[in-house]
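Chemist: I'll drop the sequence and a predicted model, then ask my questions.
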Number of protein chains: 2
Amino acid sequence: MDEAALRVKLGAAIRERRMALAVSQEGFADAIQMHRTYYSSIERGERNLTLVTLWRVAEGLEVKVSQLLRDAGL
Amino acid sequence: MDEAALRVKLGAAIRERRMALAVSQEGFADAIQMHRTYYSSIERGERNLTLVTLWRVAEGLEVKVSQLLRDAGL
């Protein structure tokens, strides 16, 4: 799988979990103390996330990092 | 969980999977075309891996990224 596909799959899984919590991108980004534009670029699959950032997002989504990656099919 | 603990847990899970394949650090690093010293710092938990690097390591270990993170308890 190429890099872009990895990022897009993960971004989509993150978006799905965030929408399931009925929280806006802005609200979620604020909640995990992340810049809004950066967070929305994550959901668009434009960021090659690090483990630590992924952990922060997963914590905010109240899900394990491994589950988030499984959601993404990775 | 703090950043260092995240990195160390993941590094240990990677080491365990690599040893289960009975491959040396050098042999494994060469197989995934990664610099040996960089790879050994990953196993020591000194690197905040990106998704793409994690994917390369998981592919080399013949395991899904989500499984590797589950092994690490993340």
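Modeler: Everything's here; your move. What you see is a predicted model; the values in this text were computed from it and never measured.
Chemist: who's in contact with the spatially most central residue of chain A?
Modeler: Residue closest to the average C-alpha location in chain A (CA atoms, centre = their mean): residue A:14, at 3.6 Å. Contacts for residue A:14 (CB atoms under 8 Å, 6 or more residues apart in numbering or on different chains) come out as A:42, A:43, A:57, A:61, A:68. Every residue, glycine included, has its C-beta placed from N, CA and C.
Chemist: can you do 10 Å?
Modeler: A:28, A:39, A:42-43, A:45, A:49, A:54, A:57-58, A:60-61, A:63, A:68, A:71-72 (CB atoms under 10 Å, 6 or more residues apart in numbering or on different chains).
Chemist: go on, residue A:1?
Modeler: By CB under 10 Å, 6+ apart, the contact list for residue A:1 reads A:9, A:73, A:74, B:52, B:55, B:59.
Chemist: wait, isn't the last one in contact with residue B:33?
Modeler: No. Taking CB atoms under 10 Å as the definition, residue B:59 is not a contact partner of residue B:33, at 11.2 Å.
Chemist: those two: who's more crowded?
Modeler: Neighbours per residue, other CB atoms under 10 Å in any protein chain shown: of residue B:59 and residue B:33, the larger number sits with residue B:59, 13 against 8.
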